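A.B. asks: Sequence first, then the predicted structure:
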Amino acid sequence: MRAEEIRAIIEENERLREEVSALEQANAALQERLEEALARIAELERGKRKPPSFVKANRGEKEKRPRRKRAAKHNTSRKRMEPTRYERHALERCPECGYRLRGESIDYTREVIEIPEPQPVEVVEHQVIKRWCPRCGRWHSPRLDLRGEVIGQGRIGVRVASLVSYLRTTMGLPVRKVQSYLETLHGLRLSAGEVVALGHAVGEQLRPQVAAVKGVVRRSAVVHGDETGWREDGRNGYVWAFVTDGAEAVRYFEFAFSRSHLVAKQILGVPFRGCLVTDFYAAYNLLPGLHQRCWVHLLRDLHQLKEEHAGNEAVQGWAKGVRALYDEAQGWLEAHVEPSQEERRRQYESLYRRSCELGEQYAQVKDHPCRTLAKRLLRHQDELFQFVLVPGMPADNNLAERSLRPLVVLRKISGGTRSGRGTQTRMRLATMFHTWAARNLNPFLECLSALQHPAAAPAPVPP
């Protein structure tokens, strides 16, 4: 061992001895102060005075009840995301004495979520090289195939096209907002015409998937239907929505200038073997097959009837009787988790018979306040309690109305579309993007995948 290392060890020894001596002296001083404090506390305890008369006496200790345990579903903390980068923070020397620190373990961690710096667009120039063949005496060049990278002969890549379609359809941004977003974050300047043309191109690429969604609607056992107004080039028309729920959930939208039952008949196909859940619009009366009418619409009309005739006991009693049938049906389904089909049939027949009795009570009484709703009960007597017969069928049409809400908002903002092609593109994009969202899929990634792997056009769907 070198003399310098021995000398360093001796100096380190001396320094440590000095530190130990200083710590021992500090410990002795603290011990003396502790003894003084204990003596003072004992003195104060002996000379303790009674509290003044205005001071309330302490309450006696109550028997402690066992603490209620919180439900297990609430015993969860915020889930941390998977780190994409680690930053280490450690001290090299002691902040008090400057001695080099040794060993390590994680004291605590802190999660910071941030997005990377916006990426500028990537502009790729594909150079097709031609080369000379001395034997053939000709120039030869490869055939450029960019399918899955761009749509057709355009210059905009599929990622930009998917992003523009996502912003326009899911986020509901107008063209100028999309232009501003692309230029601000990615330095890409697109004209309004290019943004619109991208939507048309994506809609055309998604045409096979839209036809597949329409096929799912026609094969489904339960379909919710609804319609809302839409303007095309200043002309009034309608958006028809037919949606399903479950693992194969779809949202299908189609525009037509007509509100006739023939439009719904063409969309659903002939014969449609499922059960259609709708409101009480008369066009649905002409469609064959099973129907379930929306009880929310009926209950809303009953509530309005009761408010308009608050002092009429007969009206109040009749409306409450109709509401009681609905409450009984829902209560029976809650009480019977897995009823047999025979039990469902008996309950359905009981509700059916009593609803007919309520309808017959005032359907023929002219000028009676309940006549309109009584006639509705008789007209749709076999369409009110199908949700009791069919397992899993809802009693309302809320799914279709919620599915139409995004298009209603767009209609209020933009006023509709300017051309037939624009309407068709809007319906196709809404069909696919809302279908992906209903299946808990990422609409942007699904659209990108569909553009990168274009499907062949399917056979035409029969009318």
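C.D. replies: Done, it's in.
A.B. asks: drop to CA atoms for contacts and neighbour counts, all remaining ones
C.D. replies: Will do.
A.B. asks: Dig out what residue 256 forms beta bridges with.
C.D. replies: residue 238 (DSSP bridges).
A.B. asks: pLDDT at it, what is it?
C.D. replies: Looking at residue 256, its pLDDT is 96.
A.B. asks: Leaving out chain neighbours, which residue sits closest to residue 280?
C.D. replies: residue 293 (6.4 Å; Cα to Cα, 6 or more residues apart in numbering).
A.B. asks: Now do that neighbour, the pLDDT please.
C.D. replies: According to the prediction, residue 293 has pLDDT 95.
A.B. asks: let's have the chain start at 522 instead
C.D. replies: Let's use 522 as the start, then, which means that last one is residue 814.
A.B. asks: gap between it and residue 553?
C.D. replies: Separation of residue 814 from residue 553 (Cα to Cα, to the nearest Å): 88 Å.
A.B. asks: Pull out the buried positions in the helix or strand encompassing residue 817.
C.D. replies: Using DSSP states H and E, residue 817 sits within helix 816-829. By neighbour count on 16 or more other Cα atoms under 10 Å, the buried set for helix 816-829 is 816, 818-819, 823, 826-827.
A.B. asks: What of stretch 747-761?
C.D. replies: In stretch 747-761, counting by 16+ other Cα under 10 Å, buried: 747-753, 758-761.
A.B. asks: What about those residues, which are in strands?
C.D. replies: Residues from those lying in strands, with DSSP state E as the criterion: 747-753, 758-761.
A.B. asks: Out of these, give me the two with the largest separation.
C.D. replies: Using Cα to Cα, those span at most 18.9 Å, a distance reached by 747 and 753.
A.B. asks: now the helix holding residue 817, how far from the centre of its chain.
C.D. replies: 30 Å (Cα atoms, centre = their mean, to the nearest Å).
A.B. asks: One more: stretch 887-899?
C.D. replies: 40 Å.
A.B. asks: what does it rub up against?
C.D. replies: 823, 826, 836, 839, 876-877, 879-886 (Cα atoms under 8 Å, 6 or more residues apart in numbering).
A.B. asks: pull the CA atoms of stretch 837-852 into PDB?
C.D. replies: Output of stretch 837-852 as PDB, limited to C-alpha atoms (Å, rounded to 0.1, in the frame of the first residue of the first chain):
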ATOM      1  CA  GLN A 837    -104.800  12.100 -14.100                       C
ATOM      2  CA  GLY A 838    -105.900   8.600 -13.100                       C
ATOM      3  CA  TRP A 839    -105.900   7.300 -16.700                       C
ATOM      4  CA  ALA A 840    -102.400   8.700 -17.400                       C
ATOM      5  CA  LYS A 841    -101.100   7.100 -14.100                       C
ATOM      6  CA  GLY A 842    -102.600   3.800 -15.100                       C
ATOM      7  CA  VAL A 843    -100.700   3.800 -18.400                       C
ATOM      8  CA  ARG A 844     -97.500   4.700 -16.600                       C
ATOM      9  CA  ALA A 845     -98.100   2.000 -14.100                       C
ATOM     10  CA  LEU A 846     -98.100  -0.600 -16.900                       C
ATOM     11  CA  TYR A 847     -94.600   0.500 -18.000                       C
ATOM     12  CA  ASP A 848     -93.300   0.600 -14.400                       C
ATOM     13  CA  GLU A 849     -94.700  -2.900 -13.800                       C
ATOM     14  CA  ALA A 850     -93.000  -4.300 -17.000                       C
ATOM     15  CA  GLN A 851     -89.600  -2.800 -16.000                       C
ATOM     16  CA  GLY A 852     -90.000  -4.000 -12.400                       C
END
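A.B. asks: Run through who's touching it.
C.D. replies: Under the criterion Cα under 8 Å, 6+ apart, residues 816, 820, 823-824, 826-827, 830-831, 872, 876, 879, 891, 906, 909 lie in contact with stretch 837-852.
A.B. asks: Also stretch 621-632?
C.D. replies: 601, 612-615.
A.B. asks: Likewise for stretch 808-817?
C.D. replies: 782, 785-786, 792-801, 847, 901, 904-908, 916-918.
A.B. asks: Are any of the residues you listed buried, and if so which?
C.D. replies: Using 16+ other Cα under 10 Å as the burial test, the contacts of stretch 808-817 include 785-786, 793-801, 847, 901, 904-908, 916-918 as buried.
A.B. asks: so which strand or helix has residue 534?
C.D. replies: helix 524-567.
A.B. asks: between the contacts of stretch 837-852, which is nearest residue 947?
C.D. replies: residue 816 (30.9 Å).
A.B. asks: any idea how far the closest one is from residue 861?
C.D. replies: Applying Cα to Cα, the value for residue 816 to residue 861 is 24 Å.
A.B. asks: now do residue 665
C.D. replies: 63 Å.
A.B. asks: what does residue 971 give?
C.D. replies: From residue 971 across to residue 861, the span is 43 Å (Cα to Cα).
A.B. asks: Neighbour count for these two, which is higher?
C.D. replies: Using other Cα atoms under 10 Å as the criterion, residue 971 and residue 861 rank with residue 971 on top: 18 against 11.
A.B. asks: burial of the residue nearest to that one when sequence neighbours are not counted, as a residue count?
C.D. replies: Closest residue to residue 971 in three dimensions, ignoring its sequence neighbours and counting by Cα to Cα, 6+ apart: residue 727, at 7.3 Å. Neighbourhood size, residue 727 [other Cα under 10 Å]: 22.
A.B. asks: same thing with the one 5 residues further on?
C.D. replies: Residue 732 has 17 neighbouring residues, counting by other Cα under 10 Å.
A.B. asks: Let's verify it: helix, strand, or coil?
C.D. replies: Per DSSP: H, G, I helix; E, B strand; the rest coil, the local secondary structure of residue 732 is helix.
A.B. asks: what about it, distance to residue 927?
C.D. replies: Distance of residue 732 to residue 927, given as Cα to Cα: 21 Å.
A.B. asks: try residue 656
C.D. replies: For residue 656 relative to residue 927 (Cα to Cα), the value is 64 Å.
A.B. asks: what do you get for residue 678?
C.D. replies: Residue 678 sits 27 Å away from residue 927, going by Cα to Cα.
A.B. asks: How about residue 790?
C.D. replies: Taken as Cα to Cα, the span from residue 790 to residue 927 is 26 Å.
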